[in-house]
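K.L.:
What would the 3D arrangement of this be:
(one chain, ligands or ions: 1)
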Amino acid sequence: MSGFFDFIQNFRWLLDPLDVVIVAFIIYRIILLIKGTRAVQMLFGLAVILLVYVTSQVTGLYTLHWILDNFLSSIILVIVVLFQNDIRRALIHVGANPFFTDLSYREENEIISELVKACVNMANRRIGALVVIERETGIKDFLEVGTEIDSKVTSDLIASIFLPYSPLHDGALVVQQGRLTRAGCFLPLSQNPDISKALGTRHRAAIGLTELVDAVAIVVSEETGKISMVVGGRITRDLDSTALSRVLKTLLEPRNTRKKK
Ligand SMILES: Nc1ncnc2c1ncn2[C@@H]1O[C@H](COP(=O)(O)OP(=O)(O)OP(=O)(O)O)[C@@H](O)[C@H]1O
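P.N.:
As a prediction, the model looks like this:
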């Protein structure tokens, strides 16, 4: 074993640049992960506290310095608590499953066209709906209650699930690996205070789940008949069928078919 480490030491000149590249890559991935999220604001807040800490040391504001010194000594704990959602998302992503990749380009297009057809149909009839499409990260752990189903994605079935008298119309319908797998699922609601007050629990549930995982959620508003798409906790409202189809194709395109085209 020590022979192996001695051997590694021969490549010391290579290890230092490798070390720098790995750290740079991790920082780059963290920036990508938190870009546009509330974590950026929190990070900014921490940076301000750090600045006050350094200033208090230089100017001799001892009490303030002592308080911040104690606060910053448990900074790792503070970071874990503040960024728990982002850390969870990052760790889940490391062990992500490449779902959707078994589908052919044709099958995937068919699923998207059925989803779009169902959403437009429900929007025109003011039927509220929430459809969640799993991508690389498994969402099972975040789905509460719900009824297992196993069916092909068809617009008629989707629309009938969300009919007001259907026993499964409340909650979210789930698409996993190109199949309808669960209906009537309750999702974690977003706690983001910046979400418009005009958005109720259906939209908050879509935002809440997508803050935690890379799934895509489509919401049809019962109140306005508008279709929204939610990904990464960000909502795009009032999509027409062409826009919905285009965005879904971009987001759900399996990596292997992307290369083949
Ligand atoms: N945690 C949840 N997970 C999944 N679906 C939920 C959740 N909470 C509420 N819903 C769904 O949202 C419906 C209520 O929607 P609500 O009117 O509060 O939201 P909204 O965002 O204003 O939607 P709409 O524009 O359709 O009225 C419920 O009947 C239920 O089907």
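K.L.:
Return the residues of the stretch 151-261 of the chain in contact with the ligand.
P.N.:
170-172, 186-187, 189, 199-203, 205, 221-223 (Cβ under 6 Å from any ligand atom). Placement of C-beta: from N, CA and C, glycine included.
K.L.:
And the furthest pair within those?
P.N.:
Largest separation among these by Cβ to Cβ: 186 and 223, giving 19.7 Å.
K.L.:
out of the two, which sits in the busier spot?
P.N.:
Between residue 186 and residue 223, counted using other Cβ atoms under 10 Å, residue 186 has the larger neighbour count: 15 against 10.
K.L.:
Spell out, range by range, the strands that occur in the stretch 1-150 of the chain.
P.N.:
Taking DSSP state E, counting those that start in this stretch to define them, one finds strands in the stretch 1-150 of the chain at 129-133, 144-152.
K.L.:
Same list (those) but as TSV, adding mean neighbour count, mean pLDDT and distance to residue 230.
P.N.:
Formatted as TSV, the strands of the stretch 1-150 of the chain follow (neighbours: other Cβ atoms under 10 Å; pLDDT from 0 to 100; distance: least, Cβ to Cβ, whole Å):
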stretch	mean neighbour count	mean pLDDT	distance to residue 230
strand 129-133	25	95	9
strand 144-152	12	87	18
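K.L.:
Those: which one's closest to residue 242?
P.N.:
Between residue 242 and the strands of the stretch 1-150 of the chain, the shortest gap by Cβ to Cβ is with strand 129-133, which sits at 18.1 Å.
K.L.:
so can I have a markdown table of the strands of the stretch 1-150 of the chain showing distance to residue 228?
P.N.:
Formatted as a markdown table, the strands of the stretch 1-150 of the chain follow (distance: least, Cβ to Cβ, whole Å):
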| stretch | distance to residue 228 |
| --- | --- |
| strand 129-133 | 10 |
| strand 144-152 | 21 |
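K.L.:
what about the stretch 1-150 of the chain, any weak spots by pLDDT?
P.N.:
Where the stretch 1-150 of the chain drops to pLDDT under 70, the residues are 1-2, 35-38, 89, 92-103.
K.L.:
Could you tell me which residues of it lie near the ligand?
P.N.:
Taking Cβ under 6 Å from any ligand atom as the contact definition, the stretch 1-150 of the chain meets the ligand at 128, 130.
K.L.:
The residue of the stretch 1-150 of the chain found nearest the ligand and residue 243, how far apart?
P.N.:
The minimum distance from the stretch 1-150 of the chain to the ligand, using Cβ to the nearest ligand atom, falls at residue 128 (3.5 Å). Separation of residue 128 from residue 243 (Cβ to Cβ, to the nearest Å): 20 Å.
K.L.:
The two: which is more packed in?
P.N.:
Set residue 128 next to residue 243 and count neighbours by other Cβ under 10 Å: residue 128 wins out with 19 against 14.
K.L.:
Show me where the stretch 1-150 of the chain has its helices.
P.N.:
Along the stretch 1-150 of the chain, counting by DSSP state H, counting those that start in this stretch, helices occupy 2-9, 12-34, 38-59, 62-73, 75-82, 84-94, 105-124.
K.L.:
what inclination does the last one have with respect to strand 144-152?
P.N.:
Taking axes from the mean of the first three to the mean of the last three Cα atoms, to 10 degrees, one finds helix 105-124 and strand 144-152 inclined to each other by 120 degrees.
K.L.:
Over to the longest one?
P.N.:
Here helix 12-34 runs at 100 degrees with respect to strand 144-152, directions being taken by the same axes, to 10 degrees.
K.L.:
elements contacting helix 12-34?
P.N.:
Other elements packing on helix 12-34 under the criterion 3 or more Cβ pairs under 8 Å, 6 or more residues apart in numbering; DSSP states H and E are helix 38-59, helix 84-94.
K.L.:
Just give the number of residues close to the closest residue to the ligand within the chain.
P.N.:
Residue of the chain nearest the ligand, by Cβ to the nearest ligand atom: residue 200 (2.4 Å). When neighbours are defined as other Cβ under 10 Å, residue 200 has 13 of them.
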